[in-house]
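**Student:** with the sequence up front, the predicted model follows.
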Amino acid sequence: MMVKKQFPGPKSLELLALRKKYVPDGISYSNPVFVKEAKGAIITDVDDNRFIDFAGGIGVVNAGHRPARVVDAVKEQLDKYIHTSINVAMYEPYIRLAEKLSALTPGNFSKKTMFANSGAEAVENAVKIARKYTKKTGILALECAFHGRTLLAMSLTSKVRPYKYGFGPLAQDVYKIPSAYCYRCYYGLTYPSCDLHCVKNLERFFIAENPADQIAALVVEPVQGEGGFIVPPPEFLPGLQEICNKHGILFIVDEIQTGFGRTGKMFASEHFGLEPDLMCIAKSLAAGFPLSAVTGRAEVMDAPAPGEIGGTYGGNPLACVSALQVIEIMKEEQLPERANQIGSALVEKLNALQEQHQFIGDIRSLGAMVGVELVKDRQTKEPAPELTGRMVKECYQRGLIVLSAGIYSNVLRFLTPLVISDDELNQALEILEAAFAEVSKSL
């Protein structure tokens with residue numbers, strides 16, 4: 001990648017000054033990059049610096065930046081109509097996409113789908129639907145979860161800063177249970193000798209905290225994203241769903257970041273044999289167009305009466321035609337299979353780097369959803385958020401965009417578009433190696 005010596009460049013500095021003047025500080029940014037063009041897995045900024053993208057718009061462009069067939073479909077749709085609102089004048093792309101998702105998602109049962117605009121909206125609507133269907137109000141979520149920044153989604157989210165601190169009061173009747181964060185086990189146990197105590201604890205919760213007959217749903221990410229790319233043991237999620245089924249609690253799976261090929265299958269639920277009652281989908285669903293979905297059991301989805309769910313922009317025609325193309329791209333270009341290749345290459349490099357650098361504590365992966373947790377000491381596992389921030393900066397200065405994550409802000413997460421070429425991937429791995437070497441000099 002080509003990164004000039006004067007960096008950020010003059011145009012970026014000009015835009016940074018304007019941003020400071022007109023954009024609230026609450027809108028964060030990880031790198032001072034202003035995009036001029038993006039294609040595939042490459043971003044070019046306004047000063048003609050080129051970057052390999054390992055952020056993917058926070059997991060939004062699994063099919064790559066600006067896929068040609070998506071661009072063509074959207075251009076064709078632009079010449080027909082842009083917006084009518086599905087609640088006023090209906091249109092075919094909404095119906096065809098609902099049909100596709102109902103067939104594509106796990107579960108051999110009748111399904112229906114509704115569309116919204118963002119992941120947080122999908123989560124909020126899934127909870128509304130669950131409460132309406134069960135006639136119960138309690139909602140369970142996992143610690144280390146991230147489900148969005150709106151009131152209910154924020155309440156379900158586990159990380160306090162920056163997502164919840166100072167924004168109370170939070171939504172009522174929302175409860176947390178420990179997640180399967182095996183590297184930092186809540187109970188101080190070790191898998192598999194722990195005998196999945198974190199699963200068994202759910203039954204104790206019903207006795208000690210809130211009875212099962214008051215709980216409408218449990219909301220889980222199959223791999224926790226912002227929480228630190230936490231991949232649970234294979235028995236964890238099926239164990240939770242079995243308990244939910246036993247007590248008539250709906251099992252809602254948030255596939256917003258894990259869906260659309262990221263983990264090596266179309267949906268991460270498939271790795272665990274899950275059949276969610278409701279599934280939340282967004283991010284890479286529409287190649288960057290704002291679109292989210294709730295897909296679930298038909299009888300559950302039909303619980304709300306007409307007008308009780310939905311919104312003005314939900315299922316915009318441009319986003320729907322984009323998503324229809326993304327589904328075909330995923331199949332024809334075998335992007336879930338490509339995710340496994342990318343993940344294997346990343347993990348192999350990270351394992352080698354872990355032998356060289358003591359501050360690499362844990363490496364977690366499922367397909368191309370790869371995270372590396374940085375620590376000050378491997379024995380104490382003290383988090384190293386400052387080192388993580390330096391790694392993000394060192395990568396960016398060398399032409400690689402990466403993101404941090406984790407409840408301690410000490411995890412590097414990699415979300416490269418799945419269309420990345422082997423040459424681009426190898427360049428990115430070389431940059432990672434150089435960044436780790438530079439950071440280690442000061443330790």
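**Tutor:** On my side now, so go ahead. Numbers count the residues shown, from 1 in each chain.
**Student:** just give me the neighbour total for the closest residue to residue 139 other than its chain neighbours.
**Tutor:** Excluding its sequence neighbours, the residue lying closest to residue 139 (Cβ to Cβ, 6 or more residues apart in numbering) is residue 174, at 5.1 Å. Using the backbone N, CA and C atoms, a C-beta is placed for each residue, glycine as well. For residue 174, the neighbour count with other Cβ atoms under 10 Å is 18.
**Student:** list the contacts for residue 174?
**Tutor:** When contacts are counted by Cβ atoms under 8 Å, 6 or more residues apart in numbering, residue 174 touches 138-141, 152, 155-156.
**Student:** also residue 159?
**Tutor:** 144, 146, 226-227, 407.
**Student:** of the residues you listed - the most surrounded one?
**Tutor:** Most surrounded of the contacts of residue 159: other Cβ under 10 Å gives residue 146, at 26 neighbours.
**Student:** my read: that residue touches residue 160, true?
**Tutor:** No. Using Cβ atoms under 8 Å as the test, residue 146 is too far from residue 160 to be in contact (11.8 Å).
**Student:** for the closest residue to residue 235 other than its chain neighbours, give its distance to residue 109.
**Tutor:** Distances taken as Cβ to Cβ, 6+ apart put residue 196 closest to residue 235, at 5.6 Å, once the chain neighbours are dropped. Counting by Cβ to Cβ, to the nearest Å, the separation of residue 196 from residue 109 is 27 Å.
**Student:** ditto for residue 64
**Tutor:** The value you get for residue 64 to residue 109, if Cβ to Cβ is used, is 33 Å.
**Student:** so these two - more neighbours on which side?
**Tutor:** More neighbours surround residue 64 than the other of residue 64 and residue 109, with 26 against 12 (other Cβ under 10 Å).
**Student:** contacts only, for the more buried one.
**Tutor:** Residue 64 neighbours (Cβ under 8 Å, 6+ apart): 39-41, 287, 417-419.
**Student:** same thing but 10 Å
**Tutor:** Residue 64 is in contact with 38-42, 53, 56, 70, 287-288, 326, 329, 333, 335, 416-420, counting by Cβ atoms under 10 Å, 6 or more residues apart in numbering.
**Student:** for residue 342, same thing?
**Tutor:** 262, 264, 335, 365, 367-370, 414, 416-418, 420, 422, 425, 428.
**Student:** one more: residue 119?
**Tutor:** 58-60, 146-150, 153, 254-257, 280-283, 285, 292-293 are the contacts of residue 119 under Cβ under 10 Å, 6+ apart.
**Student:** for residue 312, same thing?
**Tutor:** By Cβ under 10 Å, 6+ apart, the neighbours of residue 312 are 83, 85-88, 117.
**Student:** for the helix or strand harbouring residue 199, name the packing helices and strands.
**Tutor:** Assigned by DSSP states H and E, residue 199 belongs to helix 197-208. Counting contacts by 3 or more Cβ pairs under 10 Å, 6 or more residues apart in numbering; DSSP states H and E, helix 197-208 is packed against strand 138-142, strand 174-177, strand 215-220, helix 236-247.
**Student:** relative to residue 353, which of those is closest?
**Tutor:** helix 236-247 (27.9 Å; Cβ to Cβ).
**Student:** so residue 265 makes contact with residue 223?
**Tutor:** No. Taking Cβ atoms under 10 Å as the definition, residue 265 is not a contact partner of residue 223, at 11.5 Å.
**Student:** which one of those two is surrounded by more residues?
**Tutor:** For residue 265 and residue 223, the more surrounded residue by other Cβ under 10 Å is residue 223, and the numbers stand at 26 against 19.
**Student:** got a pLDDT number for the more buried one?
**Tutor:** Among the per-residue scores, residue 223 shows a pLDDT of 98.
**Student:** and if you look at residue 3?
**Tutor:** So, for residue 3, pLDDT stands at 71.
**Student:** mind checking how far it is from residue 99?
**Tutor:** Per Cβ to Cβ, residue 3 is found 45 Å from residue 99.
**Student:** of these two, who's got more company?
**Tutor:** For residue 3 versus residue 99, the count of surrounding residues by other Cβ under 10 Å is larger for residue 3: 18 against 14.
**Student:** wait, is the more buried one part of a strand?
**Tutor:** No. Using DSSP: H, G, I helix; E, B strand; the rest coil, the assignment for residue 3 is coil, not a strand.
**Student:** how about the residue most central in space within the chain, what does it touch?
**Tutor:** By Cα atoms, centre = their mean, the chain has its centre lying nearest to residue 257, at 2.1 Å. Each residue near residue 257 by Cβ under 10 Å, 6+ apart is listed here: 58-60, 119, 146, 221-226, 229, 263, 268, 282-284, 369, 413, 415.
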